[in-house]
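Asks: this is the structure alone, sequence omitted:
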């Protein structure tokens, strides 16, 4: 058995993230001590490894939980896809490193720099990740999102993203309010309706999960705080928690 601190040192996953994974049922400890401290066995660590590999495939935590909890989950097939995707990423990085070294040598010899941009292309990785998601993304929410997103143009997708982030900008102007106030509850309702209209049916359970993710996931936190100012992600999380009560 390993303690939370030992798992963090071994995997690089923060204590906060492990706590969040436990709270949403994604990764629960094998047991707890009498004092309530989490302990993880090899089975839990294997599941954590799968979670991290699926994160490389850019799956949401909600989808990962559904996949791993599926009795028909094929670990061998999943690993095959994960290996192929990671190999594509490694190949791309190696080409970028080779280009950087060549450019450095050209500068040293006062030669003409190479105008090469193909190495930065991520289309192969994106196409493979898309195929993987089509294979594993079996949740109703994922399917609904895929259907709604399929016919949107790039400009429409950008516009929708801007509208979505505008909601967090509005939350940022409310940070001095009580998260449980009627004004803030109305804003949470607006967020929920927007998600249901443009992405997938945002049930109270899904909304509560998103609220936790907005602070636990560093990328979510950063994007929301960029839109509404520092502390906005935490405020939104608290507002959603109050709303879902």
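Replies: On my side now, so go ahead. What you see is a predicted model; the values in this text were computed from it and never measured. Residues are numbered from 1 along each chain as shown.
Asks: buried ones in the helix or strand where residue 97 lies, by neighbour count?
Replies: Here residue 97 is covered by helix 75-108, with elements defined by DSSP states H and E. For helix 75-108, burial by neighbour count (16 or more other CB atoms under 10 Å) applies to 78, 81-82, 85, 88-89, 92, 99. The way it works is simple: take the backbone N, C-alpha and C, and place the C-beta from them, glycine included.
Asks: so for the helix or strand harbouring residue 45, mean pLDDT?
Replies: Secondary structure from DSSP H and E places residue 45 in helix 42-56. The pLDDT scores in helix 42-56 average 90.
Asks: chain center to it, what's the gap?
Replies: 14 Å (CA atoms, centre = their mean, to the nearest Å).
Asks: run the angle between it and helix 75-108 for me.
Replies: 50 degrees (axes from the mean of the first three to the mean of the last three CA atoms, to 10 degrees).
Asks: excluding its backbone neighbours, what's nearest residue 28?
Replies: residue 22 (5.5 Å; CB to CB, 6 or more residues apart in numbering).
Asks: roughly how far apart are the one you found and residue 40?
Replies: 10 Å (CB to CB, to the nearest Å).
Asks: who's more crowded, those two?
Replies: residue 40 (23 against 14; other CB atoms under 10 Å).
Asks: list the contacts for the more buried one?
Replies: 1-4, 7, 29-30, 48 (CB atoms under 8 Å, 6 or more residues apart in numbering).
Asks: out of the residues you listed, name the ones that lie in strands.
Replies: Among those, the members falling in strands are 2-3 (criterion: DSSP state E).
Asks: buried ones among the contacts of residue 40?
Replies: So, of the contacts of residue 40, 2, 4, 7, 29, 48 end up buried under the neighbour-count rule (16+ other CB under 10 Å).
Asks: would you mark the buried spots in stretch 188-207?
Replies: By 16+ other CB under 10 Å, the buried positions in stretch 188-207 come out as 188, 191-192, 194-195, 198-200, 202, 206-207.
Asks: off-centre distance for that stretch?
Replies: 17 Å.
Asks: which pair in the buried ones among the contacts of residue 40 spans the largest distance?
Replies: Using CB to CB, these span at most 11.7 Å, a distance reached by 4 and 48.
Asks: tell me which stretches of the protein form strands.
Replies: 2-3, 31-32, 38-40.
Asks: export the ones you listed to JSON lines and tack on distance to residue 229?
Replies: Output for those, formatted as JSON lines (distance: least, CB to CB, whole Å):
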{"stretch": "strand 2-3", "distance to residue 229": "36"}
{"stretch": "strand 31-32", "distance to residue 229": "38"}
{"stretch": "strand 38-40", "distance to residue 229": "33"}
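Asks: picking up where we left off before, is it possible to get TSV of the buried residues of helix 75-108 that adds pLDDT and distance to residue 161?
Replies: Shown next, in TSV, are these (pLDDT from 0 to 100; distance: CB to CB, whole Å):
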residue	pLDDT	distance to residue 161
78	77	29
81	76	27
82	78	27
85	79	24
88	83	26
89	82	24
92	83	25
99	84	31
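Asks: not counting sequence-adjacent ones, nearest residue to residue 166?
Replies: That would be residue 227: by CB to CB, 6+ apart, it lies 7.6 Å from residue 166.
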